[in-house]
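> Test case, fold it:
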Amino acid sequence: MSDAQRLRDLVDKSYERCRMTGTFPDDFYSIFLPSSPKVTGKFASTNMIEQKKMLDHGIRHLILFYHEPNSITSAKMVELGESHARSGMNIEPELYDYFLEALLAAVKENDPQCSDELLGAWREVASHGISVMISMWDD
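Residues are numbered from 1 along each chain as shown. Model prediction:
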């Protein structure tokens, strides 16, 4: 098993444990939204029920994209990148740091098997996809 596959499997299993709590999206947004006035502003008129579903889909795609950047996962990352770009929702690159830190904090709260190694795996897996999205911001 490659290192990429091992990390992806660690994160995938962790995310399933997080999802089983039933509170992961709420915990994530309770950390993420107040992390910056800019973040708060971006979600001012957002339907949070739908947003929580999109968060789940986005995290799943980040995990898949890390190990298997095939045509399907790559297309989804391009779609996410375009929707978050300057010409879309204008999610500035610096806001992804808040996203990542909130994601890690929510994992820590929701995964009973959380460890420093696991958080490092999450950071690597998520950063891989986030870097693609950031690279598309100014296109």
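> what about Y15, helix or strand, and which?
In this assignment (DSSP states H and E), Y15 forms part of helix 3-20.
> buried ones in that helix?
L7, R8, L10, V11, D12, S14, Y15, C18, R19 (16 or more other Cβ atoms under 10 Å). From N, CA and C alone the C-beta is placed, and that goes for glycine too.
> Which single one of the residues you listed is nearest to S74?
Taking Cβ to Cβ as the measure, S74 sits nearest to R8 out of the buried residues of helix 3-20, at 15.3 Å.
> which residues sit in contact with the residue lying closest to the closest one once chain neighbours are set aside?
Using Cβ to Cβ, 6 or more residues apart in numbering and skipping the chain neighbours, the partner closest in space to R8 is H67 (3.7 Å). Applying Cβ atoms under 8 Å, 6 or more residues apart in numbering to H67 gives the contacts A4, Q5, L7, R8.
> Helix or strand next in line after the worst-scoring helix or strand of the chain on mean pLDDT, which one?
Least confident helix or strand, the chain: helix 71-84 with a mean of 84, by mean pLDDT, DSSP states H and E. Following helix 71-84 in sequence order, the next helix or strand is helix 95-110 (DSSP H and E).
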